[in-house]
Structure formats: structure tokens, C-alpha cells
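Asker: Give me coordinates for this.
(one chain, ligands or ions: 1)
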Amino acid sequence: MHEMSIALSIVEAVDAKARQEGAGMISSIDLLIGKLAGIEPESLKFCFSAAAKGTLAEDAELVIVEPEGIGECGECGMRFPVTFYYAECPSCRSLRIKIVSGKEFLIQSMIIEEKGE
Ligand SMILES: [Zn+2]
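Answerer: Sure, this is the predicted structure:
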């Protein structure tokens, strides 16, 4: 499953980072996943809880922000919402469309907690 390998790489990255910082646990992780990134947030959350078992991210909450897909026309410069990579400019019908938003996939930030006691 696609989402499972993504979940595993997120867990690996945040777990390593949290250990580096001497954290006791990770309480929350902010992810940016564009609507065109091809990642299903619900499926990712499901996989994440399985992937995080036994790591510092085990009890972390995933907060997912999903930027809309926005294309920009290479001919007339118009910006418009897109739901797919191959879009046509609604103004001049050009197919020279650059995707300016919606492909994002990154870990924005995370909240860690100190070791207890
Ligand atoms: Zn255009």
C-alpha cells in the first residue's frame, strides 16, 4: 500500500528528530498534503497509527492541511482551481499549465514533549 510506505517514512523522520531533541514523546504532527499529491489523508492516518506503534510518535495526533490544486496558465497567466495534473486553461484553452499549488507533501512541524518525571 502506497500510504503505508509514506506513513513509515514520516514515522522514521519524526522519531529520529524527536530522539535527537531528547523528547519523551511526540504529541502532534502537522502535515501539508496537497489535493494533487495523490495521498489519501484518511488512509494515511490509518497507516500512521499502525506504523507508529512502539515509537515516540505512537500517541501523536496527525493534523493534515490540504492545499487546493491551483494551476497557472503559461499563455495568459490566469490562475484557476484544478483537480487533476492535466488541466486546460478556462480562458484561452492552453494546455501549458503549471501547477502552483496542491502538490505539496511535507512535514510542517511537530510538537514534542519532554521526558516525564
Ligand atoms: Zn490561458
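Asker: Residue 34 against residue 65, yeah?
Answerer: No - in this structure, residue 34 is not within contact of residue 65 by CB atoms under 8 Å, at 9.3 Å. (Each C-beta comes from the backbone N, C-alpha and C, glycine too.)
Asker: With neighbour numbers in mind, choose between the two.
Answerer: The neighbour count for residue 34 versus residue 65, taken as other CB atoms under 10 Å, is higher for residue 34 (20 against 12).
Asker: can you list the residues of the chain near the ion?
Answerer: Where the chain comes near the ion, counting by CB under 5 Å from the ion, the residues are 73, 75-76, 78, 89, 91-92, 94.
Asker: What residues sit buried inside the longest helix seen in the chain?
Answerer: With secondary structure taken from DSSP state H, the chain has its longest helix at helix 2-20. If you call a residue buried by 16 or more other CB atoms under 10 Å, then helix 2-20 has these buried ones: 3, 6-7, 10-11, 14-15, 18.
Asker: what's it in contact with?
Answerer: Applying CB atoms under 8 Å, 6 or more residues apart in numbering, the contact partners of helix 2-20 are 25-26, 29, 31, 38-40, 43-44, 46-48, 50-52, 55-57, 60, 107, 110, 112.
Asker: Please check these and keep the buried ones.
Answerer: The neighbour count (16+ other CB under 10 Å) marks 25-26, 29, 31, 39, 44, 47-48, 51-52, 55-57, 60, 110, 112 as buried among the contacts of helix 2-20.
Asker: Return the subset of the residues you listed lying in strands.
Answerer: Judged by DSSP state E, these include 25-26, 29, 31, 110, 112 as members of strands.
Asker: Just send the residues you listed back as a markdown table, with pLDDT too.
Answerer: As requested, these are exported to a markdown table (pLDDT from 0 to 100):
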| residue | pLDDT |
| --- | --- |
| 25 | 96 |
| 26 | 98 |
| 29 | 98 |
| 31 | 98 |
| 110 | 97 |
| 112 | 97 |
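Asker: Pull the most distant pair out of these.
Answerer: Pairwise distances across these peak at 17.8 Å for 25 and 31 (criterion: CB to CB).
Asker: Bridged to residue 99, which residues?
Answerer: Beta-bridge partners of residue 99, counted by DSSP bridges, are residue 71.
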